[in-house]
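Engineer: need coordinates for the following:
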Amino acid sequence: MSAWLPTAPCTPQLCAPRTDSLRRGTVAASARLLAGVVTVIAGILLVPPVALLGAGRRDRLTRGWTRTVIRAFGLRIRTDGASHPAMSDTPVPGTPLPDTPGGVLVVANHISWLDIPLVATLFPGRVLAKSDIRRWPVLGAVAAYGGTLFVERDRLRALPDTVRDVRDALRAGSRVIVFPEGSTWCGRDQGRFTAAVFQAALDAGAPVRPVRIGYRPLGPAAFVGDDPLAVSLWRIVLARGLTAEIEVLPLIPAARHADRRSLARAAQTAVASDSANRPASSVHQFVNFIPAPASSVRTRS
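Structural biologist: Numbering: from 1, shown residues only. Predicted coordinates:
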């Protein structure tokens, strides 16, 4: 493990406590889990033929599939700052279009594995993911075929190649989705946006689209620390009344910023949750003595 990798103080024990009062029954939760897994598998099987379609049809199908995945696992979706009523159970009318033609770097805070399909309900695109995924059986090949970009997080020397790949994708008109915190945080606080990937937007002359993600209630969706995926899946399908929230924020023109650090700060400031989304006593005010191995050190994107 490299010392320079981003870390977070979040752990499943602190950030995803059990809430019996908001739990589904075992049978209902099992049905949700089965529905979600079947929907995911169906989408994976359809990746090769869908990749052959035109961009417009491909995006519509991706939006529909990711929306179905999230709802199959029992979540409602609420969007803000977008004008697509079909993408939300509780849409906000009269708000601006969520995207513009051409390459766009979409950046968001990172709470859960659910963030990836949630962002894709509005912004289907090429996700920047850790290189470990490429070596996963079946899923790795499908991800690569679907246009996923990979970053070798343990090799700092490989970072310029990643920035170049993202730049080339943006220049080609692709939408690239990145979680610049480099690690999942539970949502009560968030990490600093790493600046490297914003160099790609500057080099390509592409705007940055900040997106704010949240979940209510907060705990069940958090996928942090050493939380196994199976445990996270079961916690999510057990939770009743879980809502995924995505807020589309105004575009940030890259040309208005002198360097990548300035652009990264602007995007982080835009995405930062307001104080109303944080409890008065955040768990991160008393985790200073949590040993480093228990902290979140993996990127889920």
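
Engineer: residue nearest the middle of the protein, spatially speaking?
Structural biologist: residue 115 (3.2 Å; CA atoms, centre = their mean).

Engineer: check this structure for its longest helix and report it.
Structural biologist: Counting by DSSP state H, the longest helix found in the chain is helix 26-51.

Engineer: quick check: buried residues in the helix or strand harbouring residue 244?
Structural biologist: Per DSSP states H and E, residue 244 falls inside strand 243-248. Residues 244, 245, 246, 247, 248 are the ones in strand 243-248 that count as buried (16 or more other CB atoms under 10 Å). Where you see a C-beta, it was placed from the backbone N, CA and C, and this is true even at glycine.

Engineer: quick check, the first one in contact with residue 80.
Structural biologist: No: applying CB atoms under 8 Å as the test, residue 244 and residue 80 come out as separate, 11.9 Å apart.

Engineer: least trustworthy helix or strand in this protein by mean pLDDT?
Structural biologist: helix 12-15 (a mean of 58; mean pLDDT, DSSP states H and E).

Engineer: what about the strands in the chain?
Structural biologist: Counting by DSSP state E, residue ranges of the strands within the chain are 76-80, 104-108, 126-130, 149-151, 175-178, 208-216, 243-248.

Engineer: can I get these in a markdown table with distance to residue 23 and mean pLDDT?
Structural biologist: Listed next are those as a markdown table, based on distance: least, CB to CB, whole Å; pLDDT from 0 to 100:
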| stretch | distance to residue 23 | mean pLDDT |
| --- | --- | --- |
| strand 76-80 | 17 | 91 |
| strand 104-108 | 28 | 95 |
| strand 126-130 | 31 | 85 |
| strand 149-151 | 37 | 82 |
| strand 175-178 | 32 | 93 |
| strand 208-216 | 16 | 92 |
| strand 243-248 | 16 | 93 |
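
Engineer: ok, the closest residue in space to residue 168 that isn't next to it in sequence - contacts?
Structural biologist: Nearest non-adjacent residue to residue 168, counting by CB to CB, 6 or more residues apart in numbering: residue 204, 8.0 Å away. Residue 204 makes contact with 103, 167, 168, 170, 171, 254, according to CB atoms under 8 Å, 6 or more residues apart in numbering.

Engineer: for those, give me JSON lines that also has neighbour count, distance to residue 29 and pLDDT.
Structural biologist: Output for the contacts of residue 204, formatted as JSON lines (neighbours: other CB atoms under 10 Å; distance: CB to CB, whole Å; pLDDT from 0 to 100):
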{"residue": "103", "neighbour count": "23", "distance to residue 29": "41", "pLDDT": "91"}
{"residue": "167", "neighbour count": "22", "distance to residue 29": "44", "pLDDT": "92"}
{"residue": "168", "neighbour count": "15", "distance to residue 29": "43", "pLDDT": "92"}
{"residue": "170", "neighbour count": "24", "distance to residue 29": "41", "pLDDT": "93"}
{"residue": "171", "neighbour count": "15", "distance to residue 29": "45", "pLDDT": "93"}
{"residue": "254", "neighbour count": "23", "distance to residue 29": "44", "pLDDT": "91"}
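
Engineer: kindly present the residues you listed as TSV, with separate columns for distance to residue 196.
Structural biologist: Shown next, in TSV, are the contacts of residue 204 (distance: CB to CB, whole Å):
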residue	distance to residue 196
103	17
167	11
168	15
170	14
171	17
254	14
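
Engineer: which pair in those residues spans the largest distance?
Structural biologist: 168 and 254 (15.5 Å; CB to CB).

Engineer: residues in contact with residue 108?
Structural biologist: Contacts of residue 108 by CB under 8 Å, 6+ apart are 115, 119, 177, 178, 179, 210, 211, 212, 213, 271.

Engineer: ok, back up a step: closest to residue 64 out of the strands of the chain?
Structural biologist: strand 76-80 (12.3 Å).

Engineer: mind listing what's buried in the closest one?
Structural biologist: With burial defined by 16+ other CB under 10 Å, the residues of strand 76-80 counted as buried are 77, 78, 79, 80.

Engineer: with stretch 169-183 instead?
Structural biologist: 169, 170, 174, 175, 176, 177, 178, 179, 180, 181, 182, 183.

Engineer: hey, what's the fifth one bridged with?
Structural biologist: For residue 176, the beta-bridge partners under DSSP bridges are residue 105, residue 126.

Engineer: touching, it and residue 119? I think so.
Structural biologist: No: Residue 176 is beyond contact range of residue 119, at 11.2 Å (criterion: CB under 8 Å).
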